[in-house]
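Q: Got a predicted structure here, sequence first:
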Amino acid sequence: MANVKPIRVFVDSDVIISSLISEFGAAYFLLNNTKSVELYISNLSILELERVVKRLNIKSDVLNTFIATRLTTVKIDLPYLKIQQQFSDYVRDTHDAHIVAGAKKARADFLISYNIRHFVPEKLREDFQIILLTPGLFLQYLRIL
């Protein structure tokens, strides 16, 4: 049997938070029960997650363990303003530009987010060959493989 290339998936922080809050959703299943998928996050997304976890009173060690055991972190070295400028064509809100920068750096096949309206899917697909989906739609995609 031929080796199948794993699917590279960049995960938006909203998906990670959802999986930490509930064990009964698509986000949890995607992040904990898929074997043919490599999951990526960026150093900037981790900073965002740390703020949200604190605000929601989720134990930071739960987040840290999850990141260490399940995700691969890509490092974005660009200044935040440069990221916003460079990736502004791919987002409807420049505060989400770091997500696109991370997905590009990870060479992701997919960007998974509940906030798909924050992105410009046609540009992501055209320029970076990244497909934008919600966790549920991505799980449906995996079922047909």
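A: Looks like it arrived, so ask away.
Q: list the helices and strands the helix or strand Y141 falls within packs on?
A: Element membership for Y141, per DSSP states H and E: helix 135-144. Packing partners of helix 135-144 (3 or more C-beta pairs under 8 Å, 6 or more residues apart in numbering; DSSP states H and E): helix 26-33, strand 110-112. Just so you know, the C-beta spots here come from the backbone N, C-alpha and C atoms, and that holds for glycine as well.
Q: what sits up against it?
A: Defining contact as C-beta atoms under 8 Å, 6 or more residues apart in numbering, one finds that helix 135-144 is touched by 7, 9, 15, 18, 25-27, 29-30, 34, 36-37, 110, 112, 114, 133.
Q: Turn the helices and strands packed on helix 135-144 into TSV, columns for distance to G102, mean neighbour count and mean pLDDT.
A: TSV is the format used below for the helices and strands packed on helix 135-144 (distance: least, C-beta to C-beta, whole Å; neighbours: other C-beta atoms under 10 Å; pLDDT from 0 to 100):
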stretch	distance to G102	mean neighbour count	mean pLDDT
helix 26-33	16	18	91
strand 110-112	9	26	98
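Q: Let me have these in JSON lines, adding distance to I58 as columns.
A: Below are the helices and strands packed on helix 135-144 laid out as JSON lines (distance: least, C-beta to C-beta, whole Å):
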{"stretch": "helix 26-33", "distance to I58": "14"}
{"stretch": "strand 110-112", "distance to I58": "20"}
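Q: I'm done for today, thanks for sticking with me.
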